[in-house]
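Participant: pasting the sequence and the predicted coordinates here, then a few questions.
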Amino acid sequence: MKCDLTHAEFGKVCDVIVQRMGLYFAPERYEMLGRSLVAAANQFGFQNFNSFITWLLTKPLTREETGILASHLTISETYFWREPQVFEALTNTILPGLIHAKNDGNRNLRIWSAGCSTGEEPYSLAIALHKTIPQITGWNITIIGTDINPQAIKKAENAIYSEWSFRNTPPWLKNKYFIPLENQQFKIIPPIRKMVSFKCTNLNEESHKPVTDDLVDIIFCRNVLMYLTPEKISLAAQKFFNTLNEDGWFVVSSCELSSEVFPQFRAVNFPGAIFYKKRKDVFFNPSKSDTGIAMIPSENPGIHPDSFDISQIEFSIDREKHAPIEKPLLAEISPLYAPTPETEINTPDAVAVIRQLADKGMLSDALTQCNTAIDANKMAIGLYYLRASILQELGHSPEAIASLKQSVYIDHNFIMGHFTLASILIKQGHYKQATRYFQNVLELTKDLSGTDILPESDGLSALHIREIILTNMPKISTA
Ligand SMILES: C[S@@+](CC[C@H](N)C(=O)[O-])C[C@H]1O[C@@H](n2cnc3c(N)ncnc32)[C@H](O)[C@@H]1O
């Protein structure tokens, strides 16, 4: 079977896909979409591709059929402890803060992993909780993973994983929380398995019910929204807003960060990670706009809804990041939070030392160490890249850009250098320059295998980075 759709026919199929799943396919991805549609046609049992397309365009799909189609059209890439800085912020600050707040009252904690794929994310959340709450049995924990793809949910429920799911995961996680099976497979230990339940749901369904009857404390929706159309992203963000507790936290992946698409949330900065909290001056007003989002200045009389400038919140990162939780208090909750002896950072590895300093929020010291390390090894591209992330964290974007430009000057093939330059330039509104760097990444990754992990990328594969770019490039080229 072969896909021979015309451009216009692809357009019609894409309309159905957006309507059912919210997934956006730019024309640059039509070739790949064609291959996925052929695979779906085979699974639905069609002998003839055109009959399948006619069926798809004319028949309203059932929930099961939508799930099968989605399993061919979505990217399910994931692994345990993805973006470690996010889990560090979670175990060091967010969870202790929530636990402290709830310790005397109701000991309920609810977490939702939306778009959880094969389960590595919600199980990582369960492990983070297990690490953080010493007396976990005294707590009523709900962790729910949801995904549109029924095959992914089945695998998640099975809780057996291969080495591939640990591709960028600290070794302690597999050693402590998994039982080795035959054939290089690993099964999650029962106490962690029991903490997580799964549900096959479509985020995009109008009638999408809340995952629990109660509001949740943390929502993770990482590497999902970037595949949706801007309109569907806004609708999903509003669902998350409505499902989250007043003091809850919303987490997306670092490549999806933008307060523009989540105006009802404000960004809170942690070393290497940004979390979102509900803005208190926003409430839902269906009559106000297409997305139903209205800005009402209930707390801040200085902001008028009609003159609200979204750019004000783009970089208004909350600098009180460590303030809510006092270190001695954390040490009382768990010995994990006892003050770390300074000697612990005396590792021979310069990068590890710099990362530890940055993780502790000692960004100026990290920067000084990084500059010294670069002086000693001017060809170490990874150090330029690390320096750029510290400079970004310090809010020095021009210097971060300069450091990244040095990295790609030294090695033009340094893919993450080009990619990160593009990401910063987009935030600054320099779409033309950003597009050039995105094009460099597409060129540099075109001959790589989809599963190749990119150096310095924290586990990002060539296929995934291409998907991110092909999804975002048309949006910025028309901006
Ligand atoms: C790249 S994976 C992300 C997995 C995990 N959150 C992570 O960051 O490692 C994206 C997942 O989003 C799911 N997804 C895409 N559209 C969805 C929708 N409309 N409703 C629910 N899940 C969706 C896909 O099936 C896929 O498993």
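Facilitator: Everything's here; your move. Residues are numbered from 1 along each chain as shown.
Participant: tell me the contacts of the spatially closest residue to G22 that is not a sequence neighbour?
Facilitator: Leaving aside its chain neighbours, G22 sits nearest to K232 (3.3 Å; criterion: C-beta to C-beta, 6 or more residues apart in numbering). The way it works is simple: take the backbone N, C-alpha and C, and place the C-beta from them, glycine included. Applying C-beta atoms under 8 Å, 6 or more residues apart in numbering to K232 gives the contacts 18, 22, 24, 204.
Participant: ok, the closest residue to the ligand within the stretch 301-450 of the chain to T169 distance?
Facilitator: Distances between the stretch 301-450 of the chain and the ligand by C-beta to the nearest ligand atom are smallest at G450, namely 13.1 Å. The gap separating G450 from T169 is 20 Å, by C-beta to C-beta, to the nearest Å.
Participant: for those two, indicate the residue with more neighbours.
Facilitator: T169 (18 against 13; other C-beta atoms under 10 Å).
Participant: OK, contacts around that one?
Facilitator: So T169 contacts 79-81 (C-beta under 8 Å, 6+ apart).
Participant: below-threshold pLDDT in the stretch 351-479 of the chain: ranges please.
Facilitator: 477-479 (pLDDT under 70).
Participant: all strands of it, in order?
Facilitator: Assigned by DSSP state E, counting those that start in this stretch, the stretch 351-479 of the chain shows no strands.
Participant: quick one on the thing from earlier: just give the closest residue to the residue of the stretch 301-450 of the chain closest to the ligand, not the sequence neighbours.
Facilitator: L463 (3.3 Å).
Participant: close to the ligand: what parts of the chain are there?
Facilitator: Contact residues (C-beta under 6 Å from any ligand atom) of the chain with the ligand: 21-23, 70, 74-78, 82, 115-117, 121, 147-149, 152, 202-204, 222-224, 227, 253.
Participant: show me where the stretch 251-400 of the chain has its helices.
Facilitator: Using DSSP state H, counting those that start in this stretch, the helices of the stretch 251-400 of the chain run over residues 311-314, 327-333, 350-359, 363-376, 381-393, 397-410.
Participant: any chance of those helices in a markdown table, with mean neighbour count too?
Facilitator: Shown next, in a markdown table, are those (neighbours: other C-beta atoms under 10 Å):
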| stretch | mean neighbour count |
| --- | --- |
| helix 311-314 | 13 |
| helix 327-333 | 14 |
| helix 350-359 | 19 |
| helix 363-376 | 17 |
| helix 381-393 | 23 |
| helix 397-410 | 18 |
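Participant: ok, how many other residues are close to the closest residue to I476 other than its chain neighbours?
Facilitator: Leaving aside its sequence neighbours, I476 sits nearest to Y431 (C-beta to C-beta, 6+ apart; 4.4 Å). Neighbour count for Y431, taken as other C-beta under 10 Å: 18.
Participant: low pLDDT regions in the stretch 101-250 of the chain?
Facilitator: Using pLDDT under 70, the flagged stretches of the stretch 101-250 of the chain are 134, 206-211.
Participant: now do the strands in this protein.
Facilitator: Counting by DSSP state E, one finds strands in the chain at the ranges 108-114, 140-147, 160-162, 178-180, 185-188, 196-200, 216-220, 244-251, 265-270, 273-278, 282-284, 293-295.
Participant: same list, those strands, but as CSV with mean neighbour count and distance to E456 please.
Facilitator: Shown next, in CSV, are the strands of the chain (neighbours: other C-beta atoms under 10 Å; distance: least, C-beta to C-beta, whole Å):
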stretch, mean neighbour count, distance to E456
strand 108-114, 23, 26
strand 140-147, 21, 29
strand 160-162, 16, 24
strand 178-180, 14, 27
strand 185-188, 18, 27
strand 196-200, 19, 31
strand 216-220, 24, 24
strand 244-251, 19, 22
strand 265-270, 20, 20
strand 273-278, 20, 17
strand 282-284, 17, 37
strand 293-295, 20, 37
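Participant: just checking, the residue nearest to I476 touches M473?
Facilitator: No. Shown here, Y431 and M473 do not form a contact pair, counting by C-beta atoms under 8 Å, at 9.5 Å.
Participant: pairing partners for K199 in the sheet, please.
Facilitator: Taking DSSP bridges as the rule, K199 bridges to T146.
Participant: distance check, it against E121.
Facilitator: Applying C-beta to C-beta to K199 and E121 gives a distance of 14 Å.
Participant: for the ligand, give me its nearest residue in the stretch 251-400 of the chain.
Facilitator: S253 (5.8 Å).
Participant: isn't that residue right up against N223?
Facilitator: Yes. Between S253 and N223 there is a contact under C-beta under 8 Å: 4.8 Å.
Participant: which of these two has more residues huddled nearby?
Facilitator: Legend: neighbour count by other C-beta under 10 Å for S253 and N223, higher for N223 (25 against 19).
Participant: next, give phi and psi for that one.
Facilitator: Main-chain dihedrals, N223, degrees, to the nearest 10: phi 60, psi 30.
Participant: same deal with L61?
Facilitator: phi -80, psi 140.
Participant: what do you get for P263?
Facilitator: The phi/psi pair for P263 (degrees, to the nearest 10) is phi -70, psi -20.
Participant: what score does it have for pLDDT?
Facilitator: Listed pLDDT for P263 reads 82.
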